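Novice: quick one, fold the following:
(one chain, ligands or ions: 1)
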Amino acid sequence: MANAGNGLLAGKNGVIFGALNENSIAWSIAEAVHREGGRFALSNAPIAKRLGTVDALASRTDSPVLWADATNDDELAELFESAKKTFGGIDFVVHSIGMGMNVRKDRDYEDLNYEWYHTTLDISAVSLHRVIHHAVESGALNDGASIVTLSYIGAQRTFSKYSEMGDAKALLESIVRSFGYRLGRRGIRVNAISQSPTRTTAGSGITGFDAMFDFADRIAPLGNADAESCADYTVTLLSDLTRMVTMQTLFHDGGFSTMGISDDLIHALKDVLGT
Ligand SMILES: NC(=O)c1ccc[n+]([C@@H]2O[C@H](COP(=O)([O-])OP(=O)(O)OC[C@H]3O[C@@H](n4cnc5c(N)ncnc54)[C@H](O)[C@@H]3O)[C@@H](O)[C@H]2O)c1
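Specialist: You can find the predicted model right below:
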């Protein structure tokens with residue numbers, strides 16, 4: 001739903017991690033934050049200079065790009081020093097980073113390459129800890145700030161092909177609670193949005209993604225939530241309207257997480273099974 005914006009984030013400054021290309025959830029979030037009057041630096045891993053189109057988003061939203069590998073402490077420390085110089089202080093952080101090494105290379109859960117598994121956890125979960133740590137340590141993070149990360153229901157339920165990423169998201173959601181508790185005394189909030197399957201580079205790296213997408217879409221009463229609606233929801237969490245919400249995993253999934261089975265799926269299964 002395109003609109004002219006309501007100035008919900010006017011006067012707020014932040015850092016948005018994870019916009020790679022137009023399909024990225026973080027790309028839509030950056031556009032929605034821009035629409036609502038927020039200012040931000042974009043960040044991604046240096047390798048994304050070659051693989052993505054971050055500079056185009058930066059010029060569209062008049063934002064600096066601060067390159068940093070989210071598994072590298074020195075690069076994150078430098079990033080938050082520069083964000084502090086640019087903005088004075090920051091009021092929000094969006095962490096939209098994920099990568100499943102074994103998933104990507106089609107390695108079964110029973111036979112994980114542990115070096116890759118470690119990298120998966122580091123990129124997809126521990127990076128949130130590092131980001132928050134450096135945002136606080138640098139003195140860049142203002143009291144009352146809001147931090148949002150992106151998760152998936154595979155953190156809490158088993159989705160066979162989601163494999164190691166379920167473990168990574170479980171850790172991510174735990175870090176949300178652990179840091180949310182510790183930052184609460186400064187009025188700083190930390191939440192995860194558990195988003196529907198969404199067609200992005202990370203999403204399509206999962207074998208069986210189309211089946212997961214279709215299954216969720218047939219079950220969710222509202223259908224799957226797309227990246228644009230996720231961006232609108234994120235805006236509310238970055239705004240002061242949700243200032244008493246913290247330590248939550250908030251489902252943004254068209255109702256999927258509360259459903260069992262739907263008529264649509266029953267009919268589809270009947271066709272397949274001939275029952
Ligand atoms: N696509 C989906 O179906 C879906 C559903 C629920 C949650 N999510 C989550 O949303 C988030 C964003 O993913 P997306 O679907 O927009 O895909 P995406 O591929 O567009 O975004 C993933 C981002 O992570 C970045 N990244 C990877 N390694 C990094 C590193 N070492 N340092 C810094 N950045 C790094 C990539 O460059 C990319 O920009 C991820 O956490 C993902 O797990 C996605």
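
Novice: from here on, just use CA atoms for contacts and neighbour counts.
Specialist: Noted.

Novice: can you name every helix or strand that the strand or helix carrying Phe80 contacts?
Specialist: If you go by DSSP states H and E, Phe80 is part of helix 73-87. Here helix 73-87 touches helix 127-137, going by 3 or more C-alpha pairs under 8 Å, 6 or more residues apart in numbering; DSSP states H and E.

Novice: the helix it packs on versus helix 73-87: what angle between them?
Specialist: Angle of helix 127-137 versus helix 73-87, following axes from the mean of the first three to the mean of the last three C-alpha atoms, to 10 degrees, is 50 degrees.

Novice: just to revisit the earlier point, what comes up buried for the helix holding Phe80?
Specialist: Asp73, Glu75, Leu76, Ala77, Glu78, Leu79, Phe80, Glu81, Ser82, Ala83, Lys84, Phe87 (16 or more other C-alpha atoms under 10 Å).

Novice: low pLDDT regions in the stretch 101-250 of the chain?
Specialist: By pLDDT under 70, the stretch 101-250 of the chain has no low-scoring segment.

Novice: send over stretch 241-251 as CSV, restricted to the C-alpha atoms.
Specialist: Extracted C-alpha coordinates of stretch 241-251, given in CSV (Å, rounded to 0.1, in the frame of the first residue of the first chain):
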residue,chain,number,x,y,z
LEU,A,241,3.6,4.4,19.2
THR,A,242,5.0,1.0,20.3
ARG,A,243,7.2,2.3,23.1
MET,A,244,6.1,-0.3,25.6
VAL,A,245,6.7,-3.3,23.4
THR,A,246,9.9,-5.2,23.9
MET,A,247,11.5,-8.7,24.1
GLN,A,248,8.8,-10.0,21.7
THR,A,249,8.7,-12.2,18.6
LEU,A,250,5.9,-10.6,16.7
PHE,A,251,4.2,-12.7,14.0
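
Novice: contact partners of that stretch?
Specialist: By C-alpha atoms under 8 Å, 6 or more residues apart in numbering, the residues outside stretch 241-251 that reach it are 144, 151, 173, 176-178, 180-181, 184, 187, 189-195, 236-237, 257.

Novice: okay if I get the buried residues of helix 73-87 as JSON lines plus pLDDT and distance to Ser163?
Specialist: Shown next, in JSON lines, are these (pLDDT from 0 to 100; distance: C-alpha to C-alpha, whole Å):
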{"residue": "Asp73", "pLDDT": "98", "distance to Ser163": "27"}
{"residue": "Glu75", "pLDDT": "98", "distance to Ser163": "29"}
{"residue": "Leu76", "pLDDT": "98", "distance to Ser163": "28"}
{"residue": "Ala77", "pLDDT": "98", "distance to Ser163": "32"}
{"residue": "Glu78", "pLDDT": "98", "distance to Ser163": "34"}
{"residue": "Leu79", "pLDDT": "98", "distance to Ser163": "32"}
{"residue": "Phe80", "pLDDT": "98", "distance to Ser163": "33"}
{"residue": "Glu81", "pLDDT": "98", "distance to Ser163": "36"}
{"residue": "Ser82", "pLDDT": "98", "distance to Ser163": "37"}
{"residue": "Ala83", "pLDDT": "98", "distance to Ser163": "35"}
{"residue": "Lys84", "pLDDT": "98", "distance to Ser163": "38"}
{"residue": "Phe87", "pLDDT": "98", "distance to Ser163": "39"}
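
Novice: need the residues you listed in TSV with distance to the ligand, can you?
Specialist: Output for the buried residues of helix 73-87, formatted as TSV (distance: C-alpha to the nearest ligand atom, whole Å):
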residue	distance to the ligand
Asp73	11
Glu75	10
Leu76	10
Ala77	13
Glu78	14
Leu79	12
Phe80	14
Glu81	17
Ser82	17
Ala83	16
Lys84	19
Phe87	21
